[in-house]
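**Student:** Sharing a model prediction with you, sequence too.
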Protein chains: 2
Amino acid sequence: MTGSKTPVCGDDVIEQTLQAISFNAEGLVPAIAQQHDSGEILMMAWMNAEAIRETLNSARVCYWSRSRAKLWRKGETSGQVQSLIGFRWDCDADTVLILVDQHGVACHTGRRNCFYNAITDGQINIIADPEIDPGKLYT
Amino acid sequence: MTGSKTPVCGDDVIEQTLQAISFNAEGLVPAIAQQHDSGEILMMAWMNAEAIRETLNSARVCYWSRSRAKLWRKGETSGQVQSLIGFRWDCDADTVLILVDQHGVACHTGRRNCFYNAITDGQINIIADPEIDPGKLYT
């Protein structure tokens, strides 16, 4: 279930981490995924306790899909997995920052990251093109 | 109210942006603040339509404080303001990424950024020290 990768930490530290984190009323916490070396912000998604447990056990990022109401092992369909490099949380313990190594692209549109809508030169513009045909990601 | 800085865009583009963004049931959207040049993730907070309007009108970051239930002009008490450099949103339009120039420190603990809790070497560690005495930030 959690793959064959080496856990980031022991079960005791995972449970301490889950104790530390403030989940919202739905049992979720937002997780920002940042490419560990370039600093690029790839995406933001949500995790519940089970997703964090699996992520730290497998060193491969697993989110909670709110739309599908199930664990979302990033890349399990598309192959665009995220290897976990670092796991942090903020002063209020209500946001997680994960440092990852993104294989391929993070965005379901085929773009490297999800933040491609921008105000530039006083107008709304799309600032990145798809690197992969999204039709090829999900076949 | 919005200061004397130059707006990022006209009112029409601000309204188009607000139309594009998917606010949650509370009328809020999470906003990730990233230092524009270093790529450091400083903090995550929330914005409502009014906060976005003010941010784009003033080029100075304004959040919505959920705990105080009011606009939170970042730095208005501490002086640690965030100048807006870029404004982006993601594929689902439910998360905003703001590129900022942080004056001083972002975190109320006096640390440069809020994400100082980390799992390193298999343990939970605090990986950053305060740069400013927080007692001096709020007097």
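**Tutor:** Yep, that arrived.
**Student:** Show me what counts as buried in stretch A:49-58.
**Tutor:** A:49, A:51-58 (16 or more other Cβ atoms under 10 Å in any protein chain shown). Bear in mind the C-beta positions are built from the backbone N, C-alpha and C, glycine included.
**Student:** which parts of the helix or strand of chain A with the lowest mean pLDDT are buried?
**Tutor:** The weakest-scoring helix or strand in chain A, judged by mean pLDDT, DSSP states H and E, is helix A:134-137 (a mean of 89). Using 16+ other Cβ under 10 Å as the test for burial, helix A:134-137 gives A:Leu137.
**Student:** just stretch A:82-97 next, same as before
**Tutor:** A:82-91, A:93-97.
**Student:** Now for those: which two are most distant?
**Tutor:** Farthest-apart pair in the buried residues of stretch A:82-97 is A:Ser83 and A:Cys91; separation 26.6 Å (Cβ to Cβ).
**Student:** So what does A:Ala51 look like in phi/psi?
**Tutor:** Dihedral pair for A:Ala51: phi -70, psi -40, per degrees, to the nearest 10.
**Student:** Look at A:Ser17 and give its secondary structure.
**Tutor:** Rather than Ser, residue A:17 is Thr. Per DSSP: H, G, I helix; E, B strand; the rest coil, the local secondary structure of A:Thr17 is helix.
**Student:** That one contacts A:Leu56, doesn't it?
**Tutor:** Yes. With contact defined as Cβ atoms under 8 Å, A:Thr17 and A:Leu56 form a contacting pair (7.0 Å).
**Student:** between these two, what contacts are shared?
**Tutor:** Residues within reach of A:Thr17 and of A:Leu56 at once, by Cβ atoms under 8 Å, 6 or more residues apart in numbering or on different chains, are A:9, A:87, B:119.
**Student:** Give me the distance between the last one and A:Asp129.
**Tutor:** To A:Asp129, B:Ile119 is 36 Å away according to Cβ to Cβ, to the nearest Å.
**Student:** The two - which one has more neighbours?
**Tutor:** B:Ile119 (21 against 10; other Cβ atoms under 10 Å in any protein chain shown).
**Student:** What helices and strands are in contact with the host helix or strand of A:Ile32?
**Tutor:** Assigned by DSSP states H and E, A:Ile32 falls within strand A:29-35. Helices and strands touching strand A:29-35, by 3 or more Cβ pairs under 8 Å, 6 or more residues apart in numbering or on different chains; DSSP states H and E, are strand A:41-47, strand A:96-102, strand B:41-47.
**Student:** mind putting the ones you listed in TSV, mean pLDDT included?
**Tutor:** Formatted as TSV, the helices and strands packed on strand A:29-35 follow (pLDDT from 0 to 100):
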stretch	mean pLDDT
strand A:41-47	98
strand A:96-102	98
strand B:41-47	98
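**Student:** Could you point out which of these sits nearest A:Ser22?
**Tutor:** Closest to A:Ser22 of the helices and strands packed on strand A:29-35, according to Cβ to Cβ: strand A:96-102, at 10.5 Å.
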